[in-house]
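Asks: here you go, sequence then predicted model.
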Amino acid sequence: MRNIVWRSFPGRQQIINKSGDYFLMNEAGFSRQQAFSWARGRYDEAGIQPAREIMALYCSACEAEEFLFAPQELSAKQTEVFRDLVNRRCNHEPLQHLLQEMYFGTFRLISNPDVFIVRPETEYLVELALRNKEARKAELAADLCAGSGAIALTLARELPLAQVFMVEISEKALAVARRNLERYPDLAKRISAKCADVADPGLWAERAGEFNLIVSNPPYVPPGTITQPEALKDPPLALWGGGDDGLKIPKETVTQAFRLLEKDGIFAMEHDPTQGELLCQFAVEIGFSSVRTQQDLSGRPRYLLAQK
């Protein structure tokens, strides 16, 4: 393992990568964060290319469900489609848009330019929210700034007794979300979707103060901070948090969550790594009794976890 150095300590091993960074691994093995950090370093060293992307585009061109069953040769028309897909990908069009689908855990969702592309960070957000034993007992839950409906679907699956409410300001995104709900009709029976602003003071007025659990991935990106061309293909309404620091919509979301939650209700929200301290302060100021920031799998402060 070139450029990786192992040093032994009592009960631990120290790993130093090629950049000089180090971390300790106990005898039981990597933590999740350590595993991700180490694997990313190895992938970078190996210079691994996105072969699976090419396989996926090949399957899309020939309409094969799996690469194993794809034809050995493409027809002239399929070749034309494949070349177009590859060229579009090389122009930084997101793979999910080209395939017209994306995955959130085990959910296979529709993807197009009208809706935010789901990320692993948000899957981890839902996992963190549901680690709380009280959250697992929720009978009334909500997904604020719902986008594709991924969080709402996951809450409905993981909370079999819960009614789930979801709100999204974009009519186009909500149309995609409703199509995603149609793919999972048994779960959709317990999900109510609404097109509205998360800051609406009358949102679900008849249920205000009754929600047990609220999870949200609102628009939070501060202006001028996106460098990845693919990320700029997401709808602007789903990206930018508003204001000089991107905190306008996240603060509106925290305020709405406080209004909707019952006493001791649980709130989990994704945010930019630069916003953790300010959002914790804001949550305390408006009345949340227990507030903390949780790191993502890359070690960045990414989530606000609070209890009313």
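Replies: Perfect, thanks for sending it. Numbering: from 1, shown residues only.
Asks: which stretches of the stretch 201-308 of the chain form helices?
Replies: Assigned by DSSP state H, counting those that start in this stretch, the helices in the stretch 201-308 of the chain fall at 236-239, 248-260, 276-286.
Asks: just the angle between the longest strand along the chain and helix 248-260, please?
Replies: Counting by DSSP state E, the longest strand found in the chain is strand 261-270. Comparing the axes of strand 261-270 and helix 248-260 via axes from the mean of the first three to the mean of the last three CA atoms, to 10 degrees yields an angle of 150 degrees.
Asks: give me the buried positions along strand 261-270.
Replies: Buried residues in strand 261-270, counted by 16 or more other CB atoms under 10 Å: 261, 265-270. Where you see a C-beta, it was placed from the backbone N, CA and C, and this is true even at glycine.
Asks: again with stretch 52-71
Replies: Buried residues in stretch 52-71, counted by 16+ other CB under 10 Å: 56-62, 70.
Asks: show residues contacting that stretch.
Replies: For stretch 52-71, contacts defined as CB atoms under 8 Å, 6 or more residues apart in numbering pick out 74-75, 78-79, 81-82, 85-86, 89, 95, 98-99.
Asks: please save the CA atoms from that stretch in CSV.
Replies: C-alpha atoms of stretch 52-71 as CSV (Å, rounded to 0.1, in the frame of the first residue of the first chain):
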residue,chain,number,x,y,z
ARG,A,52,-20.1,2.3,-13.8
GLU,A,53,-21.3,5.5,-15.3
ILE,A,54,-20.4,4.3,-18.7
MET,A,55,-22.1,1.0,-18.0
ALA,A,56,-25.2,2.8,-17.0
LEU,A,57,-25.2,5.0,-20.1
TYR,A,58,-24.7,1.9,-22.2
CYS,A,59,-27.7,0.2,-20.6
SER,A,60,-29.8,3.4,-21.1
ALA,A,61,-29.0,3.5,-24.8
CYS,A,62,-30.1,0.0,-25.4
GLU,A,63,-32.8,0.0,-22.7
ALA,A,64,-31.3,-2.9,-20.8
GLU,A,65,-32.2,-3.3,-17.1
GLU,A,66,-28.7,-4.6,-16.3
PHE,A,67,-25.3,-4.5,-18.0
LEU,A,68,-25.1,-8.3,-17.7
PHE,A,69,-28.0,-8.6,-20.1
ALA,A,70,-27.0,-5.7,-22.4
PRO,A,71,-26.2,-6.7,-26.0
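Asks: any idea how far that stretch is from the chain center?
Replies: Relative to the centre of its chain, stretch 52-71 is centred 26 Å away, using CA atoms, centre = their mean, to the nearest Å.
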